Every structure is written in C-alpha cells, then in structure tokens.
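In: what follows is a predicted protein model with its sequence.
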Amino acid sequence: MKNYVSASVLSADMLELKKEIKKLEISGIDMLHFDVMDGSFVDNITFGLPVLQQVRKATDMKLDVHLMINDPLRYASAFADYGADMISFHIESSSDTLATIRKIKEKGVKASVALKPATSAEEVFEFLPYLDMVLVMTVEPGFGGQDFLHGTLDKISVLRKKINELGLDIDIEVDGGINAETSVLVKRAGANVLVSGSYLFGAADMAAAADIIREDLPC
Ligand SMILES: O=C(CO)[C@H](O)[C@H](O)COP(=O)(O)O
Ligand SMILES: [Fe+2]
C-alpha cells in the first residue's frame, strides 16, 4: 500500500497559516490534517467550520478532517460542505456510526472512524465494509506534542489483518507522536497514512522529514 503523510496544522503558526500551508505544498506533503476539538469530547478547543472554509480557499491539498467532537452525526455534513476531502469521527462519541458514515459518503467525501487508545479494534469491525479509512489514535486525543503510546501497535496489526482477511482496500491512519522512529513501528504494524504535527513543523527541513516518515520499509 502507498504511504501518505498528513500534516497536522495544530502545530502550525496560526497567524501565518497561509504561509504554513504554502510550506506544506512546497514540501510535498500529501494531506493537511485539520483537528477539530470542541472542549467537551476532549479537553481542548481548536478551530472549526469558518477556518476550514478559508483553508479550502487557500489550497488544493487534500483536507483530512479529524473531528474530536460530541454528536458528529449533527456536524458531519457541514464539514463536508465546507471542503473536507475525508472526515474521521470518533466511535466513542457517535450515536449512530453507520448513519454518520452514510452522511459523509453521500457528500462524496471519504469516511473514517477514529479510535481512542483504549478502544479495541473489534469495535470497528462491523463498519469496515462501509469505510475508506480507520484512524488509530496513538496518543490520547486533545493535544499535539505528546509521546507515542506503544500499546496501540497491536491494534494496528489486528485491524490490518482483519482488513486483509475481508479483502478490503482501507487505509489505516495513525495520529499522535509520529516521528522518524515511531513511523517505522506503525508502518510495520500496517498503517499507511501518517499524521505528524510537532515532528514535521519542528524539522529544519520539512520535505526531508516527510520523506523519512513516508518511506517504504525495506523488504
Ligand atoms: O489529533 C491530534 C491530537 O489529538 C493531532 O493530530 C496529533 O496530536 C498530531 O500532533 P503530534 O504529531 O504533535 O502528536
Ligand atoms: Fe488528529
């Protein structure tokens, strides 16, 4: 499977967001990861629909929206209308997971279910035939710059095995604490979409840092 890097703008300079987006483009980043937090599902508040609308106008990059909010069914269509190319929502806060997936897909947007570190892979099995991607959180959602949780690696392997058994073509995205070292571990376990915030934005050479985490594993 092809690997992709999705840059989390949570680590960007918000007052220079347009310049930061240009830097992502020039650095050959595959997707822009947009973390929406509501101060209720997680203990942090970030940005929402009006900012997404501006970002949509500023770039043709794929916009990878990660909803860390309560009641995703209520807001999923709006995030699709405001320019998301793919939307991940948390199974832990979803009242009707299949209905939320359908709302996203009927807008022509890719649908993904996100799992907190304590949520097992099995929770998402019944939804796999309807999904384009599964997002495995490799830190507790809420903040950038946290340390990778190694206990999430088994979950990635279990999910990739199940996806292969079912003969499906589903990306596994990982989010939190991804860097040169942890990217090797998650790719080995079966992930192929790697979100990175602090590592990419903290790198002296963003393009080189992205190449490192995107790189295929030696056979
Ligand atoms: O969803 C998130 C936090 O809830 C962020 O996408 C994630 O933390 C990325 O930041 P970093 O690479 O610095 O860990
Ligand atoms: Fe995220």
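Out: Great, that's in hand. Numbers count the residues shown, from 1 in each chain. Ligands and ions are numbered 1, 2, ... in the order given.
In: wait, residue 40 touches residue 90, no?
Out: No - in this structure, residue 40 is not within contact of residue 90 by CB atoms under 8 Å, at 11.8 Å. To be clear about C-beta, it is placed using only N, CA and C from the backbone, and glycine gets the same treatment.
In: neighbour-wise, which of those two wins?
Out: A count of neighbours by other CB atoms under 10 Å puts residue 90 above the other of residue 40 and residue 90, at 23 against 12.
In: residues contacting the closest residue to the more buried one other than its chain neighbours?
Out: Leaving aside its chain neighbours, residue 90 sits nearest to residue 114 (4.7 Å; criterion: CB to CB, 6 or more residues apart in numbering). Counting by CB atoms under 8 Å, 6 or more residues apart in numbering, residue 114 makes contact with 66-68, 88-91, 134-137, 141, 175.
In: so how do I select the buried members of the residues you listed in PyMOL?
Out: To isolate in PyMOL the members of the contacts of residue 114 that are buried, counting by 16 or more other CB atoms under 10 Å, one can use:
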select buried, resi 66+67+68+88+89+90+91+134+135+136+137+141+175
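In: ligand 1: which of the contacts of residue 114 is nearest?
Out: Comparing these against ligand 1 with CB to the nearest ligand atom places residue 141 closest, at 3.8 Å.
In: list phi and psi for residue 115.
Out: Backbone torsions for residue 115, taken as degrees, to the nearest 10, come to phi -120, psi 130.
In: and the pLDDT at it?
Out: Note on residue 115: pLDDT of 99.
In: one more: the one 3 residues further on?
Out: Among the per-residue scores, residue 118 shows a pLDDT of 98.
In: just want to check the distance between it and residue 151.
Out: 9 Å (CB to CB, to the nearest Å).
In: gap between residue 189 and residue 33?
Out: 20 Å.
In: more crowded one of the two?
Out: It is residue 33, of residue 189 and residue 33, that has more neighbours when counted by other CB under 10 Å, with 28 against 19.
In: show me what counts as buried in the biggest helix by length in the chain.
Out: Ordering each helix of the chain by length in residues (DSSP state H) puts helix 153-165 first. Using 16+ other CB under 10 Å as the test for burial, helix 153-165 gives 153, 155, 156, 158, 159, 160, 162, 163.
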